[in-house]
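K.L.:
sequence and predicted structure, then a few things I'm wondering about:
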Amino acid sequence: MTTTDPHHAERLWRVHQGDLATLDARGRRRALTPRAGRDFASNDYLALSGSPRLRDAIAAAITRGVPAGSGGSRLLRGNDPEHEALEAEAAAWAGCESALFLGSGYAANVALLSTLPQSGDLIIHDELIHASMHEGLRLSRATAVAVPHNDADAFADTARSWHARGECGRIWLAFESLYSMDGDRAPLADLVAIAERHDAVMVIDEAHATGVFGRDGRGLVADLPIPLDGRPDTIVLRTCGKALGAEGALICAPAVVRDFLINRGRPFIFSTAPSPLMAAAVREAIRICVDEPERRARLAALSAQAARVLGPLGATVTGTQILPLILGEDARAMRVAAALQAAGFDVRGIRPPTVAPGTARLRVSLTLNCQAADVDALGLALEAAL
Ligand SMILES: Cc1ncc(COP(=O)(O)O)c(C=O)c1O
């Protein structure tokens, strides 16, 4: 339908334009920009997104007739042998009973938390869990309680008082193993002990640890004296768009969880299955994690160097590949980020609502797309920009 009313569009979109204007006035309006500068911003930790092995795997899959699109939901005609081959390989790699491949970590977290906990259950979650977990909580019928960041005692106290009140629903513990904006790790061993004490199920988001930590790049859950995969009380989310250089996510869990999500998980059921070519790429990425441990070693060395160079300038030394430099005011973080970008470094300013008010920061992310000399150069540029 066309209209001759010159104010038609303005009327339709007044609320949205108003909201954008408010963001503008607060300096919070965002826009897409082309990639530029040395990569201190991506999650391509192992530099696999452009790796010849991944490209060749996709080319080989095309040559053997793997289709670009799946053509439908997995439950209809979208189930491709590539999906199933990936899931079998991923389960063997992780050491869990089964794996389920979804199109994104976002969808996977929504599926997990909206589908598995039941009415009458309690989900205790870290206050800093990712937005996608929050989205799942919003759709869940269970009660959700946030606890202070990385405070294992708060998890334990909340679980204890739930039982003391006579509640008999299942307890779920939801947390990340490595936090994306803070770069710090969860107190995994303590949380496992709490789960055991309260017969709880853990939903562990390994988005930023997959590929980077643990034997064969299986993540921090594989770094414990007894790896967590394979336990009946453990669900691990491994995303494929970060260190694995591809796209999608693998839910690594007991077989009953996979079956339940296939039958009840709306983000899985009512969505076109991921590209089978992407499944082929993720399989290759997993093989690289196993074959090329030197990538993890190089990233660890780069992260340690960044800690030495950026720590004295105020960056939090986390012992991981993510180093936040908390600057407080939004404007300050954005000004320093802009200065670094102008000097050729892709460092992003992160501000509320992604992080808490008053904690705007630079998020320095180390990847193998950079060399030691780039880290030194970033240090000099940062010193000048602060
Ligand atoms: C901790 C965490 N979980 C889940 C996701 C979502 O994963 P995906 O990007 O595959 O949708 C992200 C993405 O940034 C993340 O940081």
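P.N.:
Cool, got the structure.
K.L.:
where does this protein get nearest to the ligand, residue-wise?
P.N.:
The chain approaches the ligand most closely through G105 (2.3 Å), counting by C-beta to the nearest ligand atom. All C-beta spots, glycine's among them, are computed from the backbone N, C-alpha and C.
K.L.:
how about that residue, phi and psi?
P.N.:
With angles defined as degrees, to the nearest 10, G105 sits at phi -60, psi -30.
K.L.:
buried residues in stretch 132-145?
P.N.:
132-137, 140, 142-145 (16 or more other C-beta atoms under 10 Å).
K.L.:
what does it contact?
P.N.:
The contact list for stretch 132-145 (C-beta atoms under 8 Å, 6 or more residues apart in numbering) reads 105-114, 117-125, 158, 169, 172, 174, 203, 205.
K.L.:
end to end on that stretch, go ahead and measure it.
P.N.:
16 Å (C-alpha to C-alpha, to the nearest Å).
K.L.:
what about A92, how many residues close to it?
P.N.:
11 (other C-beta atoms under 10 Å).
K.L.:
quick check: it is in a strand.
P.N.:
No. Counting by DSSP: H, G, I helix; E, B strand; the rest coil, A92 falls outside a strand, being helix.
K.L.:
contacting residues around it?
P.N.:
Contacts of A92 by C-beta under 8 Å, 6+ apart: none found.
K.L.:
now do it, the pLDDT please.
P.N.:
What the model reports for A92 is a pLDDT of 98.
K.L.:
just H149 next, same as before
P.N.:
Confidence score, pLDDT, at H149: 98.
K.L.:
wait, what's in contact with it?
P.N.:
So H149 contacts 126-128, 179, 182 (C-beta under 8 Å, 6+ apart).
K.L.:
out of the residues you listed, which sit inside strands?
P.N.:
Among the contacts of H149, the residues falling in strands (DSSP state E) are D126.
K.L.:
list phi and psi for the residue lying closest to the residue of the chain closest to the ligand once chain neighbours are set aside.
P.N.:
Spatially, and ignoring its direct neighbours in sequence, G105 is nearest to T239 (3.6 Å; C-beta to C-beta, 6 or more residues apart in numbering). T239 adopts backbone torsions of phi -80, psi 160, taken as degrees, to the nearest 10.
K.L.:
and for T239, the neighbour number?
P.N.:
28.
K.L.:
so K242 sits in a strand?
P.N.:
No. Remark: K242 does not belong to a strand; assigned using three-state DSSP, it is coil.
K.L.:
ok, stretch 337-351 near the ligand or not?
P.N.:
No. Applying C-beta under 6 Å from any ligand atom, one finds stretch 337-351 out of contact with the ligand, separated by at least 11.8 Å.
K.L.:
for that stretch, buried residues please.
P.N.:
Buried-residue list, stretch 337-351, by 16+ other C-beta under 10 Å: 337, 339-341, 343, 345-351.
K.L.:
on that earlier part again, would you mind measuring from the residue nearest to G105 to P353?
P.N.:
21 Å (C-beta to C-beta, to the nearest Å).
K.L.:
what of S98?
P.N.:
Remark: distance between S98 and P353 (C-beta to C-beta) = 35 Å.
K.L.:
okay, and the beta partners of the residue nearest to G105?
P.N.:
Assessed by DSSP bridges, T239 has beta-bridge partners A249.
K.L.:
which ones are touching it?
P.N.:
Neighbour list for T239: 104-105, 108, 206-207, 210, 248-250 [criterion: C-beta under 8 Å, 6+ apart].
K.L.:
can you map out the strands along the stretch 1-150 of the chain?
P.N.:
Per DSSP state E, counting those that start in this stretch, the stretch 1-150 of the chain carries strands over the ranges 38-39, 98-102, 122-126, 143-147.
K.L.:
between those, which one is nearest to V282?
P.N.:
Closest to V282 of these, according to C-beta to C-beta: strand 98-102, at 7.4 Å.
K.L.:
tell me the strands beside that closest one, with direction?
P.N.:
strand 249-253 (antiparallel).
K.L.:
picking up where we left off before, let me have the strands of the stretch 1-150 of the chain in a markdown table, adding distance to A384 as columns.
P.N.:
Converted to a markdown table, these look like this (distance: least, C-beta to C-beta, whole Å):
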| stretch | distance to A384 |
| --- | --- |
| strand 38-39 | 16 |
| strand 98-102 | 44 |
| strand 122-126 | 36 |
| strand 143-147 | 39 |
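K.L.:
output the ones you listed as TSV; include the columns distance to the ligand.
P.N.:
Below are the strands of the stretch 1-150 of the chain laid out as TSV (distance: least, C-beta to the nearest ligand atom, whole Å):
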stretch	distance to the ligand
strand 38-39	16
strand 98-102	9
strand 122-126	11
strand 143-147	16
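K.L.:
quick one on the thing from earlier: selecting buried members of the contacts of H149 in ChimeraX, what would you type?
P.N.:
Selection of buried members from the contacts of H149 for ChimeraX, criterion 16+ other C-beta under 10 Å:
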select :126,128,179,182
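K.L.:
which residue is nearest the centroid of the protein?
P.N.:
A207 (3.5 Å; C-alpha atoms, centre = their mean).
K.L.:
thanks again, I'm all set now.
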